[in-house]
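In: here is a sequence together with a model predicted from it:
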Amino acid sequence: MNRRIFLRQSGLVSMGFMSLQAFISSCAQMNSSEVPSFPHSLSEGFGSLMDDPEGILMLPEGFSYKIISRQGDKMDDGFYVPGLADGMATFPLDDGRALVIRNHEVSPGNPEQGPFGKNQELLTNLPSEKLYDYGRGSLPCIGGTTSFIYNGSTGEVETQYLSLAGTIRNCAGGPTPWGSWITCEENTAIANDQLEKNHGYNFEVMASAVPLLSEPIPLTEMGRFNHEAVCVDPNTGIVYETEDRGDGLIYRFIPNEPGVLQKGGKLQAMKIKDMPSFDTRNWGSLRTEKMEISKPYAVEWIDLEDVESPEDNLREQGFSKGAARFARGEGMWYGNGEVYFACTNGGYKEHGQIFRYKPSPSEGSPAENQTPGTVEIFVEPNNTDIVESCDNVTIAPNGDLVLCEDKGTPRIVGVSPSGEMYHIAKNVGFQSEFAGSCFSPDGNTLFVNIQGPGLTLAISGPWGERVV
């Protein structure tokens with residue numbers, strides 16, 4: 001995917017969310033209670049969710065879904081589709097087809113979830129050096145990614161294959177403008193008598209229309225911590241990263257050479273200017289100054305040292321230096337010069353927050369101190385009827401923000417350019433989270449995973465007819 005397509009796909013969001021900011025500001029002014037609430041009710045969106053005769057997924061009228069991939073399906077390379085599908089991204093091919101790269105949040109010791117069979121009987125079909133961590137031959141790491149080609153004309157998957165092997169708990173990640181997927185380990189295990197290598201890294205997976213198993217090279221200078229997601233600013237090549245910890249940080253990686261992450265770079269943590277070690281979580285139980293909804297806060301970035309963090313305390317190092325603290329940073333997505341990220345249990349009632357970061361016009365250079373970037377809370381509903389525990393985030397072709405929930409009876413939730421929130425889908429078939437929502441390059445299909453049963457779905461419908 002080239003930079004032009006990357007920008008075009010994300011380019012509609014900025015204008016819409018300018019009005020979102022104004023809407024939130026007006027709500028904040030009207031609400032005099034201690035608990036912030038935005039918005040006050042759900043909007044119509046695409047219409048009411050309809051009962052599903054199959055008892056799996058409720059959708060608005062005119063929408064339909066198809067299960068296109070299942071855990072245990074035999075792939076074209078002879079391996080099995082692993083379980084616990086999580087973050088995904090799409091890349092355009094020819095003839096209306098799309099390449100989708102999909103994470104699998106699988107841990108060692110659960111071979112039934114991995115690609116090599118219940119008894120690891122297919123493990124010998126792959127050279128041990130193709131796995132990042134062979135587990136000393138007794139406990140191989142079986143997380144990683146798969147890739148598949150989806151034909152929008154036929155609604156069928158044409159090819160599926162293993163595209164990264166030997167990692168642990170590949171949770172989310174993010175696409176790059178140069179045609180790859182950064183997959184993130186949500187695990188910080190260290191080498192021991194069972195594991196050969198340390199974990200807690202990012203890895204790069206190339207978007208390939210032909211089966212290709214990427215070399216498992218850890219991007220060590222991007223930091224070793226409990227990774228969740230990343231996004232890349234195509235204008236600068238800077239990568240932003242979330243950390244799924246209750247006291248996590250937001251990170252920025254400035255590569256030595258944009259587009260070539262293996263050549264290293266500088267890792268930094270976000271600080272609220274003139275407010276060292278600020279707590280953005282807004283938990284009602286904390287006796288701290290609260291972060292106001294919709295108010296932009298100027299940002300500084302703090303250099304981090306010893307980024308491979310043998311003690312898994314990178315977030316503590318950053319906080320002690322003045323970095324801001326966030327409540328379980330999870331999904332992250334880039335849209336037209338802005339970065340959106342979810343904090344799953346942030347907010348007064350710990351039901352979740354959505355932040356927006358607007359980079360400096362001089363992002364990454366010394367001049368950014370004169371015109372710093374800003375961060376603000378866009379959404380903090382404190383109302384589980386609207387959204388609870390927002391996780392993965394993506395941006396629809398029409399500029400709407402699309403959120404996945406991972407608690408209760410999970411839903412897919414939209415946020416319109418006018419600031420209204422609405423429900424797109426509800427999982428009634430499985431007590432399991434949605435994950436990995438992303439749109440096909442033509443905008444006609446929303447791909448999403450239901451993680452527990454290991455299902456990947458394609459949702460089609462009149463995406464351009466939202467009535468909000």
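Out: Structure received. Numbers count the residues shown, from 1 in each chain.

In: show me where the stretch 201-350 of the chain has its helices.
Out: Using DSSP state H, counting those that start in this stretch, the helices of the stretch 201-350 of the chain run over 314-320.

In: contacting residues for Tyr134?
Out: Taking C-beta atoms under 8 Å, 6 or more residues apart in numbering as the contact definition, Tyr134 lies against 128, 140-141, 166, 196. C-beta coordinates here come from the backbone N, C-alpha and C atoms, glycine included.

In: so which of the residues you listed belong to strands?
Out: Per DSSP state E, strands hold the following members of the contacts of Tyr134: Gly166.

In: of the contacts of Tyr134, just say which sits nearest to Gly364.
Out: Using C-beta to C-beta, Gly166 comes nearest to Gly364 of the contacts of Tyr134, at 32.4 Å.

In: is the residue nearest to the closest one when sequence neighbours are not counted bridged to anything, and to what?
Out: Using C-beta to C-beta, 6 or more residues apart in numbering and skipping the chain neighbours, the partner closest in space to Gly166 is Leu131 (2.9 Å). Beta bridges link Leu131 to Ala165 when assigned by DSSP bridges.

In: state the distance from Leu131 to Gly337.
Out: 39 Å (C-beta to C-beta, to the nearest Å).

In: out of those two, which sits in the busier spot?
Out: Leu131 (22 against 17; other C-beta atoms under 10 Å).

In: which stretches of this structure have low pLDDT?
Out: Along the chain, the model assigns pLDDT under 70 to residues 1-41, 417-419, 468.

In: closest to the centroid, which residue in it?
Out: In the chain, the residue lying closest to the centroid (C-alpha atoms, centre = their mean) is Gly331, at 3.2 Å.

In: assign the residue nearest to Asn125 when sequence neighbours are not counted to helix, strand or coil.
Out: Of all residues not flanking Asn125 in the chain, Gly78 sits nearest, at 6.3 Å (C-beta to C-beta, 6+ apart). Assigned by DSSP: H, G, I helix; E, B strand; the rest coil, the conformation of Gly78 is coil.

In: what of the one 5 residues further on?
Out: Three-state assignment for Gly83 (three-state DSSP): coil.

In: ok, it touching Ser107?
Out: No - checked against C-beta atoms under 8 Å, the pair Gly83 and Ser107 is beyond contact range at 10.7 Å.

In: which one's more surrounded, these two?
Out: Between Gly83 and Ser107, counted using other C-beta under 10 Å, the more crowded position is Gly83 (22 against 16).

In: so who does the more buried one touch?
Out: Contact partners of Gly83, counting by C-beta under 8 Å, 6+ apart, are 71-72, 104, 106, 112-114, 454.

In: likewise Gln370?
Out: So Gln370 contacts Ser362 (C-beta under 8 Å, 6+ apart).

In: next: Cys171.
Out: 86-87, 103, 105, 184-186, 227-229, 244.

In: one more time with 10 Å
Out: Residues in contact with Cys171, defined by C-beta atoms under 10 Å, 6 or more residues apart in numbering, are 84, 86-87, 103-105, 143, 183-187, 226-229, 242, 244, 330-331, 391-392, 435-436.

In: next step: the contacts of Gly83 restricted to helices.
Out: Using DSSP state H, the subset of these located in helices is empty.

In: narrow those to those that are buried.
Out: With burial judged by 16 or more other C-beta atoms under 10 Å, the buried subset of the contacts of Gly83 is 71, 104, 106, 113-114, 454.

In: shared neighbours, Gly83 and Ser107?
Out: Residues touching both Gly83 and Ser107 (C-beta under 10 Å, 6+ apart): 113-114, 142.

In: quick check, nearest of the residues you listed to Thr409?
Out: When the shared contacts of Gly83 and Ser107 are ranked by distance to Thr409 (C-beta to C-beta), Gln113 comes first, at 23.5 Å.

In: now do the same for Pro361: helix, strand or coil?
Out: Going by three-state DSSP: Pro361 is coil.

In: and it, how far is that from Phe355?
Out: The span separating Pro361 from Phe355 equals 20 Å under the rule C-beta to C-beta.

In: neighbour count: those two, which is higher?
Out: Remark: of Pro361 and Phe355, Phe355 carries more neighbours, 24 against 14, as counted by other C-beta under 10 Å.

In: output the contacting helices and strands for the helix or strand the more buried one falls within.
Out: In the assignment (DSSP states H and E), Phe355 maps to strand 353-358. If contacts are counted by 3 or more C-beta pairs under 10 Å, 6 or more residues apart in numbering; DSSP states H and E, strand 353-358 sits against helix 13-30, strand 250-255, strand 329-335, strand 338-343, strand 374-379, strand 390-395, strand 401-405.

In: parallel or antiparallel, list what pairs with the shortest one.
Out: For strand 401-405, the paired strands and their directions (DSSP bridges) are strand 390-395 (antiparallel), strand 411-415 (antiparallel).

In: tilt between that strand and strand 329-335?
Out: Here strand 401-405 runs at an angle of 160 degrees relative to strand 329-335 (axes from the mean of the first three to the mean of the last three C-alpha atoms, to 10 degrees).

In: CA-only coordinates of strand 401-405 in CSV, if you can.
Out: The C-alpha coordinates for strand 401-405 follow below in CSV (Å, rounded to 0.1, in the frame of the first residue of the first chain):
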residue,chain,number,x,y,z
LEU,A,401,-14.5,6.0,14.3
VAL,A,402,-15.2,2.3,14.8
LEU,A,403,-14.6,0.7,18.2
CYS,A,404,-14.6,-3.0,19.4
GLU,A,405,-15.7,-3.9,22.9
